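A.B. asks: Take a look and give me a structure for this.
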Amino acid sequence: MSTVPAAKARCVRDASAPALPPTVEGRECGPEEFEAKRRNGSYYLDDLWKIVREFPSAHDVTSAADLPQLAERLRSAYRDVNYTVCDASERFDGLTHCTQLAQAWAQLVHDARHSRTLYLVRRTAANSGPLLALQRIEHLRHQCSEWSPLALIALVRDEQRLWPRHEVAAESELDETLGALVRASSDCPVCGDWLGAQALTAYACGHPVHEACYKRLMVASSAPTCPLCRTDDEAEGEGPTPEAPPAAEDAAPRPGNMPTETFSRQMAALAAVMGELDVEIDDGVKGSDDRIEELVPMEEIERVEETA
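C.D. replies: Residues are numbered from 1 along each chain as shown. Next up is the predicted model:
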């Protein structure tokens, strides 16, 4: 009587069962497969970790840069611009249901838009399922590829960037890219709030400012002085008007922050749905390392490792 090796046993399936989604790693998908991915979201509804088997090298959470030390390395670099750095990877540990992912992601995005903090999320053995599900969502929004498993997400204010593992650069280049994200998240020189929170105009010198703040300054002076360079709008010539287009690309209007009360109501509604579905937030990781080995066929792991 023949036996199936333990390492291969988990690959044996009932022939009558529906076909599993194909592996996606190491190739680009065509329009038909992309549409199939878009329609297949319900397949992962109650178990985000199903997507792990589509990435044969998901067990490998390393990359070209030392991501576990990234937050610590950047903290001192951003002190001069009054930004902090937070590694938020553990927020996604052990999540299994799509509503848990929605709750964790919404809270992180809200926190990023309301603080002077660069949030980093690394894919680890503990959060691989949820992070690969996020990668799929952003892939369907044409924001990243699935050529390799997601390695890193960075959020600061309304700026967001995802790096699949094959796109992670050496540490110096990665640090420079993250620094550019932070520098792009400027604050209004008048009120100190994030520029992206309101409609903008700009001083004659080109520095952007909240339109409402500039209007308030106009009440006190017909030629307000830029707080950043102390340039007087009258001295520069024609100053901005509320109807004038921004003087710089950074001054382009962006959607404002969701009011905290509205966000709280939405999160409460989501929590109510989770209660109806009897979905709980796991306090810790429950076998995440084993889930990767369980869900990825061994021959696929070997194939990717041979071609890497």
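A.B. asks: any weak-confidence spans in the protein?
C.D. replies: Within the chain, the stretches with pLDDT under 70 are 1-18, 80-81, 184-185, 194, 196-197, 222, 231-257, 281-308.
A.B. asks: go with 50
C.D. replies: 1-15, 234-253, 282-293, 296, 300-301, 304, 308 (pLDDT under 50).
A.B. asks: And the strands in it, which stretches?
C.D. replies: Counting by DSSP state E, the chain has strands at residues 84-87, 117-122, 150-156, 159-164, 200-202, 208-210.
A.B. asks: Can you check which of these gets nearest to Ile51?
C.D. replies: For the strands of the chain, proximity to Ile51 was assessed by CB to CB; strand 150-156 is nearest, at 10.7 Å. All C-beta spots, glycine's among them, are computed from the backbone N, C-alpha and C.
A.B. asks: Neighbouring strands - and their directions - for that closest one?
C.D. replies: Strand 150-156 has the following strand partners under DSSP bridges: strand 117-122 (antiparallel), strand 159-164 (antiparallel).
A.B. asks: Can you say which of the strands of the chain is nearest to Ala220?
C.D. replies: Ala220 lies closest to strand 208-210 among the strands of the chain, at 14.4 Å (CB to CB).
A.B. asks: Dump the strands of the chain to CSV, plus mean neighbour count and distance to Phe34.
C.D. replies: Formatted as CSV, the strands of the chain follow (neighbours: other CB atoms under 10 Å; distance: least, CB to CB, whole Å):
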stretch, mean neighbour count, distance to Phe34
strand 84-87, 18, 32
strand 117-122, 22, 25
strand 150-156, 24, 18
strand 159-164, 18, 16
strand 200-202, 23, 36
strand 208-210, 23, 37
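A.B. asks: these two touch, right, Trp163 and Leu150?
C.D. replies: Yes - between Trp163 and Leu150 there is a contact under CB atoms under 8 Å: 7.3 Å.
A.B. asks: Many thanks, have a good one.
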